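1. sequence plus predicted model, see below.
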Amino acid sequence: MAGLGLGPPDFALFEISDPDERAGELEAKLLPKLSGLGDQCLPGLARVAGKELFVHTGKVPRRKGQAPEELLVAFCDTAKGFRGVPYLGVVVTRLHLHARVGVRGESPRRVAMQRALDREAANLARKGKPFRKLRQFQDWNFEELPELAPAHSAAFWMELGDELAPGGDGLDVGIAWTCEEARSLSLGDLLGVFRDLSPLYKVLANAV
């Protein structure tokens, strides 16, 4: 398979209806590929982020009676894991491949990140082209893509900041390709999109 090494059989694993069988197949077949892709991306993403990053391959979620809907490999500035800190993520779902910036889980850093996003909202809104295909993936249904975000509006970025307040939902935005498009996507293409998303990541990662 060309490009990133992800093809129809990988996306088709999400078609398995039995939750335990799907989780097992994802763990055995797709997770190793994502881990390898993470290792390939790491040097380039560190250059994009302007700092040392660590790769974390997310575990396959196992919830009784609920089949996993996505798999994630995340990159962040700590070896302890990506919970509560800003991360860059490559995500695979049934129909799409995603490049995302996110913050999941609580941490003391979230207050500083919220303030930084509020301060930089107007600057991010002026970025224009890099964010023109941005979508918000918090609480989406894993099927139809969310609408394009109004990234040209400072109010949008301030609302994202509100979700970073302690007790908020966190942050999960990014750019998606269909599984057909992902077949011909190269590592350079993927890193290029993360380069577009890097202004947001840097605002969050450098927040003090």
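-> That came through, no problem.
2. secondary structure element for the spatially most central residue of the chain?
-> With distances taken as CA atoms, centre = their mean, Arg100 lies nearest the centre of the chain, 2.6 Å away. Using DSSP states H and E, Arg100 sits within strand 96-103.
3. partners of that strand in the sheet?
-> According to DSSP bridges, strand 96-103 has the following sheet partners: strand 86-93 (antiparallel), strand 171-178 (antiparallel).
4. from what I can see the residue nearest to the centre of the chain touches Gly174, true?
-> Yes - if you go by CB atoms under 8 Å, Arg100 and Gly174 touch, sitting 3.2 Å apart. Glycine gets a C-beta too; all of them are placed from N, C-alpha and C.
5. what touches both of those two?
-> Applying CB atoms under 8 Å, 6 or more residues apart in numbering, one finds that Arg100 and Gly174 are jointly contacted by Gly89, Val91, Phe137, Leu197.
6. filter these to the buried ones?
-> For the shared contacts of Arg100 and Gly174, a burial check counting by 16 or more other CB atoms under 10 Å picks out Gly89, Val91, Phe137, Leu197.
7. the worst-scoring helix or strand of the chain on mean pLDDT - contacts with which helices or strands?
-> One helix or strand of the chain scores below all others by mean pLDDT, DSSP states H and E: helix 179-183, with a mean of 92. Contact analysis of helix 179-183 by 3 or more CB pairs under 8 Å, 6 or more residues apart in numbering; DSSP states H and E lists helix 8-12, strand 96-103 as its packing neighbours.
8. alright, that wraps it up for me.
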